[in-house]
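Visitor: Mind looking at a prediction? Sequence and model below.
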Amino acid sequence: MTDVATTGFEILFGRPPEVVREAPGRVNLIGEHTDYNDGFVMPIATPQRTRVELAAADDDVARVWSTSIAAERAVSYRLGDERRRGEWIDYVQGVTAAMRRRGLAIRGFAARIESDVPLGAGLSSSASLEIAMVRALGEAFELAIDPIETARIGHDAETGLVGAPVGIMDQMAASLAAPDAALFIDTRSLAFERLSLPAAAELVVIDSGIKHQHAGGEYRVRRQECVDSAQRLGVRALRDVKVEALAAAALPPPLDRRARHVVTENARVVEARDALARLGGKTRRRVDDNPDRPKLHQMMIEISAIHIRLQLPDDDR
């Protein structure tokens, strides 16, 4: 990202920004498909970040420009008239709509967005944008918004106007995580704990080439299958199921695999947290149910003293 925040903003809008706020992307160390089941997750922030340069306006029009799109002119919309367009601006519209629903007093603004968080690579570029935007608007309009409420606003933006049925892990990570500590989150209570990585730890992120589209496709289907599994088991969410009860339930395919993965993955997250707290030992992570098996087979991520191994069983279909 550019070092001088004002340069691009002044060219676009003819004045310097009043505030500059950032938020990171995230890598999930462990806890896949657990956050929308009220479970446990453990992400960590990436060095890559999204930056929002912003200045308040005297009207109620938002004017937003992104380096990722590099259009000739800013995209505009009127506050109170947010509507889904199926474009990147929906994430910004979702934020302003969520803030207004909470009674947070914001006016129009000009904003320039710059990010080096890769798009569609599973590093939560959308949550990074949402949290950076909430922070910038909060500072520009002198609003007291704590980090958890910031995450809730970002989550409401994505599940509301954008229409992606995501859990809250990404927004919590963008709001609270750091690149040198894992963030253990209970996604039901939103209680969290920061766990420092060993000083010599190095995190390697491998691009599988798989693009993520939370607003549709297999993700939406998988979430509904988890809801169906919980209903059949008579619980609020799969987080409430014990392994023993799951074995006795005899769910039909693919619900049996969905439920087994969430229940056992929650246990693995807790084990990983305990291992990090001890700053030693090894945790092996078995991914029982992953639709990307052919592309992920035998991939391994090693994190210093803690080794999280992605290992797909032969019977995973």
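Guide: Arrived safely, thanks for sending.
Visitor: Which positions within stretch 199-208 qualify as buried?
Guide: 201, 203 (16 or more other CB atoms under 10 Å). C-betas here are computed from N, CA, C, even on glycine.
Visitor: what's the helix or strand for residue 76?
Guide: Element membership for residue 76 (DSSP states H and E) is strand 75-78.
Visitor: Check residue 91 too.
Guide: Applying DSSP H and E as the criterion places residue 91 in helix 89-101.
Visitor: what does that helix contact?
Guide: Residues external to helix 89-101 that are found in contact with it (CB atoms under 8 Å, 6 or more residues apart in numbering): 62, 64, 75, 77, 79-80, 82-85, 106, 111, 113, 126, 129-130, 133-134, 137, 153-154, 156-158, 160-162.
Visitor: ok, 7 Å please
Guide: 62, 64, 75, 77, 79-80, 82, 84, 106, 126, 129-130, 133-134, 137, 153-154, 156-158, 160-162 (CB atoms under 7 Å, 6 or more residues apart in numbering).
Visitor: coming back round to it: can you pull the buried residues of the strand holding residue 76?
Guide: Here strand 75-78 shows 75, 77 as buried, counting by 16+ other CB under 10 Å.
Visitor: pLDDT on it, on average?
Guide: Averaging pLDDT along strand 75-78 yields 97.
Visitor: Can you list the strands that it pairs with?
Guide: With DSSP bridges as the test, strand 75-78 is paired with strand 61-66 (antiparallel).
Visitor: Wasn't residue 26 part of a strand?
Guide: Yes: using DSSP: H, G, I helix; E, B strand; the rest coil, the assignment for residue 26 is a strand.
Visitor: out of the contacts of helix 89-101, which are inside strands?
Guide: Of the positions in the contacts of helix 89-101, 62, 64, 75, 77 sit in strands, assigned by DSSP state E.
Visitor: What residues are bridge-paired with the third one?
Guide: Spelled out, that is residue 75. In beta-bridge terms (that is, DSSP bridges), residue 75 pairs with residue 64.
Visitor: picking that back up, from the contacts of helix 89-101, which ones fall inside helices?
Guide: Within the contacts of helix 89-101, residues falling in helices by DSSP state H are 126, 129, 130, 133, 134, 137, 153, 154, 156, 157.
Visitor: Can you say which of the contacts of helix 89-101 are buried?
Guide: Neighbour-count burial (16+ other CB under 10 Å) applied to the contacts of helix 89-101 gives 62, 64, 75, 77, 79, 82, 106, 126, 129-130, 133-134, 137, 153-154, 156-158, 160-162.
Visitor: ok, which stretches of the stretch 201-317 of the chain are helices?
Guide: Here the stretch 201-317 of the chain has its helices, by DSSP state H, counting those that start in this stretch, at 217-233, 243-249, 255-278, 293-296.
Visitor: what does the longest one contact?
Guide: I take that to be helix 255-278. Contacts of helix 255-278 (CB under 7 Å, 6+ apart): 29-34, 37, 39-42, 182, 184, 195, 222, 225-226, 228-229, 232, 238-239, 241, 243, 246, 251, 281, 283, 285, 288-289, 306.
Visitor: Now do it: distance to the chain's middle.
Guide: The chain centre lies 19 Å from the centre of helix 255-278; the measure is CA atoms, centre = their mean, to the nearest Å.
Visitor: Pull out the buried positions in it.
Guide: Per 16+ other CB under 10 Å, helix 255-278 contains these buried residues: 255-266, 268-269, 272-273, 275-276.
Visitor: try the second one
Guide: Under the neighbour-count criterion of 16+ other CB under 10 Å, helix 243-249 has residue 246 buried.
Visitor: now for it, which elements pack on it?
Guide: helix 255-278 (3 or more CB pairs under 7 Å, 6 or more residues apart in numbering; DSSP states H and E).
Visitor: Only C-alpha atoms, please: export the helix it packs on in PDB.
Guide: The C-alpha trace of helix 255-278 is given here as PDB (Å, rounded to 0.1, in the frame of the first residue of the first chain):
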ATOM      1  CA  LEU A 255     -25.700 -34.800   7.600                       C
ATOM      2  CA  ASP A 256     -23.800 -37.400   9.500                       C
ATOM      3  CA  ARG A 257     -20.500 -36.100   8.000                       C
ATOM      4  CA  ARG A 258     -21.400 -32.500   8.600                       C
ATOM      5  CA  ALA A 259     -22.300 -33.000  12.200                       C
ATOM      6  CA  ARG A 260     -19.300 -35.200  12.900                       C
ATOM      7  CA  HIS A 261     -16.900 -32.600  11.500                       C
ATOM      8  CA  VAL A 262     -18.300 -29.800  13.600                       C
ATOM      9  CA  VAL A 263     -18.500 -31.700  16.800                       C
ATOM     10  CA  THR A 264     -15.000 -33.100  16.600                       C
ATOM     11  CA  GLU A 265     -13.600 -29.900  15.200                       C
ATOM     12  CA  ASN A 266     -14.800 -28.000  18.200                       C
ATOM     13  CA  ALA A 267     -12.900 -30.400  20.400                       C
ATOM     14  CA  ARG A 268      -9.800 -30.000  18.300                       C
ATOM     15  CA  VAL A 269      -9.900 -26.200  18.700                       C
ATOM     16  CA  VAL A 270     -10.000 -26.500  22.400                       C
ATOM     17  CA  GLU A 271      -7.100 -28.900  22.300                       C
ATOM     18  CA  ALA A 272      -5.100 -26.500  20.100                       C
ATOM     19  CA  ARG A 273      -5.800 -23.700  22.500                       C
ATOM     20  CA  ASP A 274      -4.500 -25.800  25.400                       C
ATOM     21  CA  ALA A 275      -1.400 -26.700  23.400                       C
ATOM     22  CA  LEU A 276      -0.700 -23.100  22.600                       C
ATOM     23  CA  ALA A 277      -1.200 -22.100  26.200                       C
ATOM     24  CA  ARG A 278       1.500 -24.700  27.100                       C
END
